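just coords:
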């Protein structure tokens, strides 16, 4: 009995693509949630697998009883074949194709009627049923549907097509978010006035309301880490101080049901898949580039409405870049972020979209909510800020990561066990330790571990790797103190920082100002959800001289 149970729970070396999709659906159902959310996840899983909700429930029950082995069960040998005669199959296909030649049109129902007439002529008492006719014609019908460019608008509802063939009907807020990147057409400088170049702008858009719900601005090229930061910003309630001089609240927060993106490597990464599984949303890729109009259009709005009025504007064509662009550049990354946030909150989200009728984007987002958005804590969103690794706990509760020794409280009891580590590449002197909980079906936080003797230092992952390599090349002992001393000596020997180092230094302020979600702020956000003022009569006119006076002087 025990051997049989072990066989069922054994994890196969490789899962087929179909089994992998099933496992991803099951993982979303393992996440703790309320009844309404669980029902939505069941529907999403059924749509993704192309089966009924009841079938998904049965699959989930078998997985809990039998383990992952139930996903690799053998399929029927005759799967995909229709148990009718070849003559009937040919008749059905020929009738449908002939009935749809030229301007003529014939439906599967009409084909089924022709089948009944033919059966009477042949004296066949058990002809193919209407359902059988549909199964025979399904490949032909699906191929015909796939030639359609995009489902597009169906009355007042937008439908988008995913790469795996599903149509997502967007009918409420926080259902489908879209994310994309662009390089901002403006040159920035550091605090000393040295030219840094053009930053990257990442936006997250709610497809239903067209609200920009989250952003990330920095010099780092698009990656899963950049996407994670933008998602974290979108998920949390957003609070800004007086220095941003906002007239309205940003107001948007919560979790999406789907994240709809292009097929870039950053959106297909394991890191983003782990985030989706942990937080409980589904990743979907666009079927065609034209499906990304919703997330790409705001880039043009930002470009013409804001960036083109700023000093250092380069234009969208590099060959036609103004000669004075580099000379005029005087904005820092922090100043640009303040201007972009103000433009989004006070202008873009407070204005109307062409298809939204008499509602502003923020009004449509509020009216389109089916329930109060879920609030997540900073701890639950650590996965968005950090990369992951796995290490074995050593005797005494010690860990070793990148040749650095760490000590974590309460880790002594886990000696010999493999744990998950999450870390910020910009400072690895502190790491977060997690272990997999079979009951909850996910990794749960254990403790923080600190680099021994480096509690007051700051050390990046890149610096740690470089220092270890230099010490190894010189046949020197690699330990915590030696690594820090090597970094200090290298920095002292570097007379002038490179542009990349200056870019990292300039955007470091974003890491020092995380979006703190205090209980008071959350209560205010929930109270204001039903009554945020949407009167835009007092939104000021955007003027370059006024913005320079506010921010640059």
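Perfect, I can see it now. Quick caveat: nothing in here was measured; it's all calculated off a predicted structure.

from here on, just use CA atoms for contacts and neighbour counts.
Will do.

okay, the residue nearest the centre of the chain: pLDDT?
Taking C-alpha atoms, centre = their mean, the centroid of the chain lies closest to residue 259, which sits 5.2 Å from it. Residue 259 is assigned a pLDDT of 92 by the prediction.

in the sheet, who's paired with it?
Residue 259 forms beta bridges with residue 177, residue 283, as assigned by DSSP bridges.

from residue 84, how far off is it?
Note on residue 259: its distance to residue 84, by C-alpha to C-alpha, to the nearest Å, is 42 Å.

one more: residue 57?
From residue 57 to residue 84 the distance is 31 Å (C-alpha to C-alpha).

so between these two, which is more surrounded?
For residue 57 and residue 84, the more surrounded residue by other C-alpha atoms under 10 Å is residue 57, and the numbers stand at 16 against 12.

part of a helix, is that one?
Yes: the assignment for residue 57, made by DSSP: H, G, I helix; E, B strand; the rest coil, places it in a helix.

please name the nearest non-neighbouring residue to it.
residue 42 (7.6 Å; C-alpha to C-alpha, 6 or more residues apart in numbering).

just residue 486 next, same as before
residue 467 (5.7 Å).

the one you found - how many residues pack around it?
So residue 467, with other C-alpha under 10 Å, has 22 neighbours.

wait, it touches residue 488, no?
No: here residue 467 does not reach residue 488: they are 9.8 Å apart, not a contact under C-alpha atoms under 8 Å.

what's residue 38 sitting at in phi/psi?
phi -60, psi -40 (degrees, to the nearest 10).

report the secondary structure state of the nearest residue to it once chain neighbours are set aside.
The shortest distance from residue 38 to any non-neighbouring residue, by C-alpha to C-alpha, 6+ apart, is to residue 29 (6.8 Å). Under three-state DSSP, the three-state class of residue 29 is helix.

tell me the contacts of residue 29?
By C-alpha atoms under 8 Å, 6 or more residues apart in numbering, the contact set of residue 29 is 38, 41-42.

and it, how far from residue 394?
Residue 29 is 34 Å from residue 394, by C-alpha to C-alpha.

equivalent analysis for residue 437, please.
Distance from residue 437 to residue 394, counting by C-alpha to C-alpha: 20 Å.

so which of those two has more stuff around it?
The neighbour count for residue 437 versus residue 394, taken as other C-alpha under 10 Å, is higher for residue 394 (17 against 11).

my read is that that one contacts residue 419, right?
No: using C-alpha under 8 Å, residue 394 is not in contact with residue 419; the gap is 10.8 Å.

helix, strand, or coil at residue 180?
Relying on three-state DSSP, one would call residue 180 strand.

OK, contacts around it?
202-204, 261-262, 295-296.

out of these, the closest to residue 187 would be?
residue 202 (16.6 Å; C-alpha to C-alpha).

what's the nearest residue to that closest one if we skip its chain neighbours?
residue 181 (4.4 Å).

what's the neighbour count on the one you found?
Neighbour number of residue 181 under other C-alpha under 10 Å is 21.

what of residue 122?
Neighbour tally, residue 122, other C-alpha under 10 Å: 10.

mind listing what it touches?
Residue 122 is in contact with no residue at all, counting by C-alpha under 8 Å, 6+ apart.

ok, so what distance separates it from residue 240?
78 Å.

do the same with residue 169
34 Å.

ok, now residue 365?
Computed as C-alpha to C-alpha, the residue 365 to residue 240 distance reads 20 Å.

who has more neighbours out of those two?
residue 365 (23 against 13).

the more buried one - nearest residue in space that isn't next to it in sequence?
Spatially, and ignoring its direct neighbours in sequence, residue 365 is nearest to residue 209 (5.1 Å; C-alpha to C-alpha, 6+ apart).

the one you found contacts residue 173, doesn't it?
Yes: shown here, residue 209 and residue 173 form a contact pair, counting by C-alpha under 8 Å, at 6.5 Å.

between these two, which contacts overlap?
365, 368.

mind listing what's buried in stretch 464-483?
464, 467-468, 471, 478, 480, 483 (16 or more other C-alpha atoms under 10 Å).

of those, which belong to helices?
464, 467-468, 471, 480, 483 (DSSP state H).

just the buried residues out of the contacts of residue 180, in PyMOL syntax.
Buried subset of the contacts of residue 180, written as a PyMOL selection, criterion 16+ other C-alpha under 10 Å:
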select buried, resi 202+203+204+261+262+295+296
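
just the ones of the contacts of residue 180 in helices?
295-296.

now that we have the contacts of residue 180, can you turn them into CSV and tack on distance to residue 347?
Shown next, in CSV, are those (distance: C-alpha to C-alpha, whole Å):
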residue, distance to residue 347
202, 18
203, 16
204, 17
261, 25
262, 27
295, 17
296, 17
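
quick check: the gap between residue 300 and residue 184.
10 Å.

who has more neighbours out of the two?
Ranked by neighbour count (other C-alpha under 10 Å), residue 300 and residue 184 place residue 184 first, with 23 against 12.

give me every residue that touches the more buried one.
198-201, 303, 307.

backbone dihedrals for it, please?
Dihedral angles (degrees, to the nearest 10) for residue 184: phi -70, psi 140.

and the pLDDT at it?
91.

try residue 126
85.

now it: closest residue in space, sequence neighbours ignored.
Nearest one to residue 126, counting by C-alpha to C-alpha, 6+ apart, is residue 119 at 8.0 Å.

surely the one you found is in a helix?
Yes: assessed with three-state DSSP, residue 119 lies in a helix.

start the count at 46 instead of 1 going forward.
Renumbered: residue one is now 46, and that last one reads residue 164.

quick one: contacts for it?
170-172.

dump the residue contacts of the residue nearest to the centre of the chain.
Contacts of residue 304 by C-alpha under 8 Å, 6+ apart are 221-224, 326-329.

could you do residue 357 as well?
231-233, 369-376.

can you rerun that using 6 Å?
By C-alpha atoms under 6 Å, 6 or more residues apart in numbering, the residues touching residue 357 are 231-232, 370-371, 373-374.
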